[in-house]
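*Asks:* quick one, fold the following:
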Amino acid sequence: MARKLDHVAFSSLLKAHLDEFDAASKLHRPIIALDILNEWRRMHQGRLVKLDKKRNLWNDIGDRKGRELIGKSLKKMSEEKRNASLPSIHLQKNSKDDTAVAVKERDAT
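*Replies:* Predicted coordinates:
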């Protein structure tokens, strides 16, 4: 149960920094990811860990891999957010001349 709570808290932390990450330049994004990693460690005494299957122990993945993991997670979240905001489009067949027309679906609101 504690692992799930940590995951939820970590996801919330990433979401809180998503707009900042989106607005940042490509050079500044790794700095934001490292700031998030440091904030996670400071606020939650959290670590990013990976299971060592040989010894059956959890080991901290370190700053470099942690920064990369956070950066990839933020990039994925950003893409999902962008894709969710795009209108849904489907093709509708024109019965008169068998051509297809792209039609934007209406919002449910």
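*Asks:* please tell me how far residue 10 sits from residue 83.
*Replies:* Counting by C-beta to C-beta, to the nearest Å, the gap from residue 10 to residue 83 is 22 Å. (C-beta placed from N, C-alpha, C; glycine too.)
*Asks:* wait, residue 24 sits on residue 32?
*Replies:* Yes: contact criterion C-beta atoms under 8 Å: residue 24 and residue 32 qualify, at 5.7 Å.
*Asks:* tell me the backbone dihedrals of residue 52, please.
*Replies:* Per-residue torsions, residue 52: phi -90, psi 100 (degrees, to the nearest 10).
*Asks:* that one contacts residue 58, correct?
*Replies:* Yes: between residue 52 and residue 58 there is a contact under C-beta under 8 Å: 7.4 Å.
*Asks:* for the spatially most central residue of the chain, give me phi and psi.
*Replies:* Nearest to the geometric centre of the chain sits residue 77, at 2.6 Å (C-alpha atoms, centre = their mean). Main-chain torsions, residue 77, degrees, to the nearest 10: phi -60, psi -40.
*Asks:* any idea how far it is from residue 25?
*Replies:* For residue 77, the distance to residue 25 (C-beta to C-beta) stands at 18 Å.
*Asks:* equivalent analysis for residue 75, please.
*Replies:* Using C-beta to C-beta, one gets 14 Å for the distance from residue 75 to residue 25.
*Asks:* higher neighbour count, residue 10 and residue 83?
*Replies:* Set side by side, residue 10 and residue 83 show more neighbours around residue 10, with 17 against 8, by other C-beta atoms under 10 Å.
*Asks:* before we move on, which element is the more buried one in?
*Replies:* helix 2-16 (DSSP states H and E).
*Asks:* against which helices or strands is the helix or strand following that helix packed?
*Replies:* Following helix 2-16 in sequence order, the next helix or strand is helix 18-23 (DSSP H and E). Packed against helix 18-23, as judged by 3 or more C-beta pairs under 8 Å, 6 or more residues apart in numbering; DSSP states H and E, are the following elements: helix 29-44, helix 62-85.
*Asks:* tell me which of these sits nearest to residue 14.
*Replies:* With C-beta to C-beta as the criterion, residue 14 lies closest to helix 62-85 of the helices and strands packed on helix 18-23, at 5.8 Å.
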